[in-house]
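Asker: Provide a 3D model corresponding to the input given below.
(2 chains)
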Number of protein chains: 2
Amino acid sequence: MDEFSLINRFFKSIPHQRKDVVFGIGDDAACLEIPDGMQLLVSCDTLVENVHFLGEWDAYDIACKAVMVNVSDIAAMGGTPCWLTLALTLPELNQQWLQRFSQGLHDSLSHYNIALIGGDTTRGPLSMTLTIHGMAPKGTALRRSAAVPGDKIYVSGELGGAALAVANLTRQDIDEHDRARLMQKLLHPVPRIDLGPYLRTYANAAIDISDGLSADLNHICEESQVGACLFLQNIPVHPLIKKYHGDNALDFALSGGDDYELCFTVAPQHEEQLLMSIKQQGLSCYPIGMIEKQLGLRAKRIDGDIVPLEVLGYRHFS
Amino acid sequence: MDEFSLINRFFKSIPHQRKDVVFGIGDDAACLEIPDGMQLLVSCDTLVENVHFLGEWDAYDIACKAVMVNVSDIAAMGGTPCWLTLALTLPELNQQWLQRFSQGLHDSLSHYNIALIGGDTTRGPLSMTLTIHGMAPKGTALRRSAAVPGDKIYVSGELGGAALAVANLTRQDIDEHDRARLMQKLLHPVPRIDLGPYLRTYANAAIDISDGLSADLNHICEESQVGACLFLQNIPVHPLIKKYHGDNALDFALSGGDDYELCFTVAPQHEEQLLMSIKQQGLSCYPIGMIEKQLGLRAKRIDGDIVPLEVLGYRHFS
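Answerer: Residues are numbered from 1 along each chain as shown, chains lettered A, B, ... in the order given. Reported below is the predicted structural model:
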């Protein structure tokens, strides 16, 4: 089986229901339509074996994770995901692996009605780059740079679960049910596309938490030229962290990456409307701090003291 | 220097003149505008060390080649390139390498007025995936699947130069001037964006020759459900092939990849207008065969005999 049969067998057959794909896989480029009044959002992420995933993982999970990590970038803009290209580099043609991978791709793309519109397959060390395309109504995409002093800072869910899963990969004394629950957080993060319509209406700035809360909030602060104070007691820590790492639970929540919840800021006058809209959908979010004029990150401890907060997060080259 | 300083120092600083970029690098996704009446074209290509380039090459050349290979896919659609994402995987932070790479990126993007709108940097074996975005007026993008029996087959330039460069990489008995000329073909292919306006007006089907003429023409035939006959004496073989490989010059031109000229088909009633438009721009192209109803590829030899043509081209997994 050569590269072309491979594309045909495993990837060209992934169906989609999108009328905005004029044509997709099988030409030099895909051809797409953007409706009037919409802007295009583009983001790409690479996943490398032994850096972002382990080769021993089920290829189904690797595909799902790769898609969700990319979809999360569109969620952070308040957008809707539409199309994906996949560049897959493989050390060998392992049909069983490809079968599982394409099934994971199929299931995760179908879930969000995303069309696979093209890609490339090459031989080399296992890695993949996905480029996701989304749309948002003109002028509504959420930026990192739009936070304003006085904004309340929110996160969309519990933090630290994925980092706990990584820390516990080789630990033996974990309850099997807990391990499965944590691996689900790590392998199948749920990008917060559901919050998009409310955030792009009411929020100022947003980012997805891929590198860790402190690092990602710091991106918002740097791009917006503001500072922030986090209320440590308000940070929603994944419950299993308290069970297994009670003494440094907050560290997991502050610097653990890979959760793909959203961190966003809201002006006081929009807070009530945002919370009501979110609640009406059966969703929730957690107020964790304030955007301030003074640059830098600070933390308000349970005893009321305010201390500087060290920015820790995943770095590829340090 | 961590990942973020790296992005800022080498990539965020690449300027562009495009008003359709609402915002680019520095957020979770880039935000872009497509004018009414235009369709979006998307293509991606991965380049892996020791497969598509040698690690010892100047990083300037690697960047140029990576961009041009991607631009060529937009040329094959008759489109105009606009925006690029770059996912770069590096084994280490080598600032000298990055400096040369970003200079090559800058120069090749500026040449076509392409904006770098985003990307990802990860640590791992040296490779890069570029996703190129282009535009074409609605309904004009050239497809592989639109060739019709009776169409004349053309190529846009001399073939086999890049393959000759690869074959001669380690050969000692090459004239230095010739070697430089061939390496230029291999390292700095010139995507045929210049032909776009004429091809999307007058041509039926098109493809860029990345895998070799016979393999790429075969893609057109398969997608269009037609066959083709090539007139071997008409195929424009790079002159240095005759000098160094006179006995199998045609093999280089038929199965050598990496030239990035275009192969396209034209209905007889549009041939004269196409040739006149192209000539008025000081450009040229070469008639090399006919699209036929009978499936498969054939070659008309100089003695007039018609023989089956074997499809040979670069395959990643065979």
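Asker: drop to CA atoms for contacts and neighbour counts, all remaining ones
Answerer: Noted.
Asker: which non-adjacent residue is nearest residue A:30?
Answerer: Sequence neighbours aside, residue A:24 is the residue nearest to residue A:30 in space, at 4.4 Å (criterion: Cα to Cα, 6 or more residues apart in numbering or on different chains).
Asker: list the contacts of the one you found.
Answerer: Taking Cα atoms under 8 Å, 6 or more residues apart in numbering or on different chains, we find residue A:24 in contact with A:30-31, A:116-118.
Asker: angles on the backbone of it, please.
Answerer: Dihedral angles of residue A:24 (phi, psi; degrees, to the nearest 10) stand at phi -120, psi -120.
Asker: lowest-pLDDT helix or strand in chain A?
Answerer: When the helices and strands of chain A are scored by mean pLDDT, DSSP states H and E, helix A:3-6 comes last with a mean of 68.
Asker: and the next helix or strand past that helix?
Answerer: Using DSSP states H and E, the next helix or strand after helix A:3-6 towards the C-terminus is strand A:21-23.
Asker: now do the buried residues in that next one.
Answerer: For strand A:21-23, the buried set under the neighbour-count rule, 16 or more other Cα atoms under 10 Å in any protein chain shown, comprises A:21-23.
Asker: now render these as CSV, adding distance to residue A:76 and pLDDT.
Answerer: Putting the buried residues of strand A:21-23 into CSV (distance: Cα to Cα, whole Å; pLDDT from 0 to 100) gives the following:
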residue, distance to residue A:76, pLDDT
A:21, 24, 96
A:22, 27, 95
A:23, 28, 93
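Asker: mind putting those residues into CSV with distance to residue A:205?
Answerer: Listed next are the buried residues of strand A:21-23 as CSV, based on distance: Cα to Cα, whole Å:
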residue, distance to residue A:205
A:21, 30
A:22, 33
A:23, 35
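Asker: and those residues near chain B, which?
Answerer: By Cα under 8 Å from any Cα of the partner chain, no member of these lies near chain B.
Asker: now the residue nearest to residue A:30: how far from residue A:85?
Answerer: Residue A:24 is 10 Å from residue A:85, where distance means Cα to Cα, to the nearest Å.
Asker: same check on residue A:211?
Answerer: Per Cα to Cα, residue A:211 is found 23 Å from residue A:85.
Asker: so the two - more neighbours on which side?
Answerer: Comparing residue A:211 with residue A:85 by other Cα atoms under 10 Å in any protein chain shown, the one with more neighbours is residue A:85, at 25 against 20.
Asker: beta partners of the more buried one?
Answerer: Residue A:85 has these beta-bridge partners by DSSP bridges: residue A:118, residue A:131.
Asker: on that earlier part again, list the residues that contact both of residue A:24 and residue A:85?
Answerer: Counting by Cα under 8 Å, 6+ apart, the common neighbours of residue A:24 and residue A:85 are A:116-118.
Asker: closest to chain B among those?
Answerer: Distance to chain B across the shared contacts of residue A:24 and residue A:85 (Cα to the nearest Cα) is lowest for residue A:118, with 6.5 Å.
Asker: what's around residue A:12, how many residues?
Answerer: The tally of other residues near residue A:12 (other Cα under 10 Å) stands at 16.
Asker: what's the end-to-end length of stretch A:187-199?
Answerer: Stretch A:187-199: ends 26 Å apart by Cα to Cα.
Asker: quickly find the element holding residue A:157.
Answerer: Residue-wise, residue A:157 maps onto no helix or strand under DSSP H and E.
Asker: neighbours of it, how many?
Answerer: 19.
Asker: for residue A:246, same thing?
Answerer: The burial count assigned to residue A:246 is 11, neighbours taken as other Cα under 10 Å.
Asker: distance of it from chain B?
Answerer: Distance, residue A:246 to chain B, by Cα to the nearest Cα, to the nearest Å: 31 Å.
Asker: do residue A:172 as well
Answerer: 29 Å.
Asker: with residue A:129 instead?
Answerer: Distance of residue A:129 to chain B, computed by Cα to the nearest Cα: 7 Å.
Asker: which residues does that residue contact?
Answerer: With Cα under 8 Å, 6+ apart, residue A:129 has these contacts: A:44-47, A:86-88, B:87, B:129.
Asker: from those, pick the one nearest residue A:300.
Answerer: Distance to residue A:300, by Cα to Cα, is smallest for residue A:45 among these, at 33.8 Å.
Asker: verify the stated contact: that closest one with residue B:87.
Answerer: Yes - counting by Cα atoms under 8 Å, residue A:45 does reach residue B:87; the two are 7.0 Å apart.
Asker: identify the contacts common to the two.
Answerer: With Cα under 8 Å, 6+ apart as the test, residue A:45 and residue B:87 both reach A:129, B:119-120.
Asker: pLDDT weak spots in the stretch 1-150 of chain A?
Answerer: The stretch 1-150 of chain A contains residues with pLDDT under 70 at A:1-4.
Asker: quick one, strands of it?
Answerer: Assigned by DSSP state E, counting those that start in this stretch, the strands in the stretch 1-150 of chain A fall at A:21-23, A:30-32, A:38-48, A:80-90, A:115-123, A:127-137.
Asker: what is the second one packed up against?
Answerer: Taking 3 or more Cα pairs under 8 Å, 6 or more residues apart in numbering or on different chains; DSSP states H and E as the contact definition, the neighbouring helices and strands of strand A:30-32 are strand A:21-23, strand B:38-48.
Asker: can you redo those as a markdown table with distance to residue A:109?
Answerer: A markdown table is the format used below for the helices and strands packed on strand A:30-32 (distance: least, Cα to Cα, whole Å):
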| stretch | distance to residue A:109 |
| --- | --- |
| strand A:21-23 | 15 |
| strand B:38-48 | 18 |
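Asker: gap between stretch A:43-50 and the chain center?
Answerer: Here stretch A:43-50 is found 12 Å from its chain centre; the criterion is Cα atoms, centre = their mean, to the nearest Å.
Asker: in the stretch 51-200 of chain A, what residue is nearest chain B?
Answerer: Residue nearest to chain B within the stretch 51-200 of chain A: residue A:73 (5.2 Å; Cα to the nearest Cα).
Asker: contacts only, for that residue.
Answerer: A:43, A:207-208, B:28-29.
Asker: do residue A:253 as well
Answerer: By Cα under 8 Å, 6+ apart, the neighbours of residue A:253 are A:159-161, A:212-213, A:235-238.
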